[in-house]
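J.: Sequence first, predicted coordinates after that:
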Amino acid sequence: MVRPFCLRIALGLSTVAIIAGCAIISPTPTPVPTSTATWTPLPTFTPTRGPTPTRTNTPTITSTPTQTSTPTITLTPTPTLTPTPWSRPTGKITRIDTKFHSAALNEDRKILIYLPPGYSVQAQRRYPVLIMLHGYGGFNLPNDSTEWEQWGLQTDAEAMMLSGEIQPMIIVQPNGYMADGQPSYFFNHGPGTDGKRWGDYIWQDVVNYIDANYRTLPQRESRAIGGFSLGGQGALSLSLSHPEIFKVVGAHSPSFRGADGSIPYINDWNWFNQFDPIWLVRYTTNVRELTLWLDVAHGDDKVRDCGEGSDRCVEAFHALLVSKNISHGWLDTWPGTHEGYSYWGPHIPDYLRWYSSKLVGQ
């Protein structure tokens, strides 16, 4: 069953809201272009690196920008399935729980992979890739599961691919935990720490492993990365620092940890700036190369609002994007808290629907 949802697209200072069951009103703002699927064989992908941020002294922390209320345009969404020369797949998702060697970390790492229904039958077909990052407690759960999986990611993805509601895709869940059981936050740890290259592990090793071993579409337009909480911060960090690798990014209630000393390996602003989503949006243009979704629960008391004198929260990040006139999906009205079974889990179909609509498939 498709759950109705409301999605407001923030473009500059105007907002578009999509609410099921409402009348259609033609909006005035210029439509935001979306990716267009192509069925012609794809050339070999040669990545080109986006602008490299320059490390600077600690940026001045300012108070949360005051948001100006904007009119809401209500539309009735019309689901559009990606046209494809392939017949609708049958069967089930193939779940692969395995390990691979990470050159960046010089160790074997666990990884969970879902191959879409029909993968073994449609042997010439290639697929877009969605990398989903976990949160603080999201991997090595009972039965070698993840939080995403326990909330229904595999079940929902399989049903939606079989029904044609989303296009078939390869879904990847890498393990981002360190040897001591603490999360890495998916960035390269700097001087004075363990020096582990957790960011390179994702954008180099995981991406290369999946492209080398499975029938992917090895181009940025066909590669998405998303996550919740600290995984949302990791998805923003990795896509903003490597837009030549990732085109589509989803940040679901992302945290915005900084080098304030609360986490031992996030200890130096001059080092951490190059991985900090807030710094990267302020001082580089990389965000303009991305297709971005941002959401937070209405009742989230962890990351939605900033503390006094801080700008490290979801509402402030949204305001920063608006101030830069960055088009992005924005939703802050769903009920819930900073929790999986009541918020992220029930909205997995909404997330999958959005990722599928933005990824270029075959």
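T.: Yep, that arrived.
J.: Pop out the phi and psi values for the residue nearest to the spatial centre of the chain.
T.: The chain has Gly226 as the residue nearest its centroid, 1.9 Å off, counting by Cα atoms, centre = their mean. The phi/psi pair for Gly226 (degrees, to the nearest 10) reads phi -150, psi 170.
J.: Give me the nearest residue to it, chain neighbours excluded.
T.: Closest residue to Gly226 in three dimensions, ignoring its sequence neighbours and counting by Cβ to Cβ, 6 or more residues apart in numbering: Gly250, at 3.4 Å. For glycine as for every other residue, the C-beta is placed from the backbone atoms N, C-alpha and C.
J.: Quick one: residues contacting that neighbour.
T.: Ala224, Ile225, Gly226, Gly227, Gly232, Ala235, Leu292, Trp293, Tyr351, Trp354, Tyr355 (Cβ atoms under 8 Å, 6 or more residues apart in numbering).
J.: quick one: contacts for the residue nearest to the centre of the chain?
T.: Gly226 is in contact with 130-133, 232, 235, 249-252, 293, 351, 355, counting by Cβ under 8 Å, 6+ apart.
J.: which stretches of the chain form helices?
T.: Secondary structure of the chain (DSSP state H): helices at 147-150, 153-163, 198-200, 207-213, 230-241, 269-272, 277-283, 314-323, 348-358.
J.: Please enumerate the strands of this protein.
T.: For the chain, the strands defined by DSSP state E occupy 6-11, 14-19, 72-75, 94-102, 107-115, 129-133, 170-174, 223-228, 248-252, 291-295, 328-331.
J.: Distance to Tyr214 and mean pLDDT for those strands - can I get that in TSV?
T.: Rendered in TSV, the data for the strands of the chain read as follows (distance: least, Cβ to Cβ, whole Å; pLDDT from 0 to 100):
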stretch	distance to Tyr214	mean pLDDT
strand 6-11	30	42
strand 14-19	33	36
strand 72-75	37	32
strand 94-102	9	97
strand 107-115	7	97
strand 129-133	8	98
strand 170-174	6	97
strand 223-228	12	98
strand 248-252	18	98
strand 291-295	23	98
strand 328-331	28	98
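J.: Rebuild those as CSV, extending it with distance to Lys302.
T.: Output for the strands of the chain, formatted as CSV (distance: least, Cβ to Cβ, whole Å):
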stretch, distance to Lys302
strand 6-11, 22
strand 14-19, 24
strand 72-75, 26
strand 94-102, 30
strand 107-115, 26
strand 129-133, 17
strand 170-174, 22
strand 223-228, 11
strand 248-252, 13
strand 291-295, 14
strand 328-331, 17
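J.: which one of those lies closest to Thr146?
T.: Thr146 sits nearest to strand 170-174 of all the strands of the chain, at 5.2 Å, using Cβ to Cβ.
J.: Tell me which residues of stretch 253-268 come out buried.
T.: By neighbour count on 16 or more other Cβ atoms under 10 Å, the buried set for stretch 253-268 is Ser253, Pro254, Ser255, Phe256, Arg257, Gly258, Ala259, Tyr265, Ile266, Asn267, Asp268.
J.: likewise stretch 96-108?
T.: In stretch 96-108, counting by 16+ other Cβ under 10 Å, buried: Phe100, Ser102, Ala104, Leu105.
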